[in-house]
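> Output the structure for:
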Amino acid sequence: MIRLASVLVVVAALSGCGDDAAACKVPLERPDPTLSLTIGSATEAWTDGQRVPLVYGGQGGVMLLPVVRLPAGDLDELCALVSVSNRTTVEEADPGTDRLLVFRREGDELVSPVIEDFLGYSPSPFVDQELTLEVTVIEQESAFAASGEVTVVIAPPS
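Residues are numbered from 1 along each chain as shown. All right, here's what the predicted structure looks like:
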């Protein structure tokens, strides 16, 4: 129920956004994932056990900044609902986020914009802890879904 409320808030927030966000619609169905995806930075895929630094947000919170990549096939652009779940033993951790995003082709992949994955307000409970990012992408027409996960070790903000 909380996820549905988050999606509705995102839809309401995007109603006044630019052309890209306005083209996105919340998928009506959630098909079983049929594609795999990779999670990482703008330049590399993250691997299990890799240290990933926290980043301070503009309002004082700490977050990770993942980018999601999918096989492009014959698509140049894709509008999708992206759900990020944060699994960790850190009690203060935010459970995740839902975003409507436009993926764009880069070579043979469709690449999301950077996702601001808010975790909390202090870096100290997260540093040196494992966090599993579980990501699901659902195409806006509910034609397909993709999923993947990676377990990283949180590094202090750089």
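> all helices in the protein, in order from the N-terminus.
For the chain, applying DSSP state H gives helices covering 2-14, 19-22.
> Compare those and say which comes out lowest on pLDDT.
Of all the helices of the chain, mean pLDDT reaches its minimum on helix 2-14 (a mean of 39).
> from memory A155 sits against R51, does it?
Yes: counting by Cβ atoms under 8 Å, A155 sits close enough to R51 to count as a contact (4.3 Å). Where C-beta positions appear, they are placed from N, C-alpha and C, glycine not excepted.
> Which one's more surrounded, those two?
The neighbour comparison of A155 against R51 (other Cβ atoms under 10 Å) goes to A155, with 15 against 12.
> What's the separation between the more buried one and L54?
Separation of A155 from L54 (Cβ to Cβ, to the nearest Å): 7 Å.
> so what's in contact with those two at the same time?
Common contact partners of A155 and L54 (Cβ atoms under 8 Å, 6 or more residues apart in numbering): V127.
> Strands of the chain, residue ranges please.
Using DSSP state E, the strands found in the chain span residues 35-36, 38-40, 51-53, 55-56, 62-64, 67-71, 77-87, 96-106, 109-111, 117-120, 130-139, 145-155.
> May I see the ones you listed arranged in CSV, with distance to K25 and mean pLDDT as well?
CSV is the format used below for the strands of the chain (distance: least, Cβ to Cβ, whole Å; pLDDT from 0 to 100):
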stretch, distance to K25, mean pLDDT
strand 35-36, 20, 83
strand 38-40, 24, 98
strand 51-53, 31, 98
strand 55-56, 30, 96
strand 62-64, 26, 97
strand 67-71, 18, 96
strand 77-87, 7, 95
strand 96-106, 8, 95
strand 109-111, 18, 95
strand 117-120, 23, 97
strand 130-139, 11, 96
strand 145-155, 15, 96
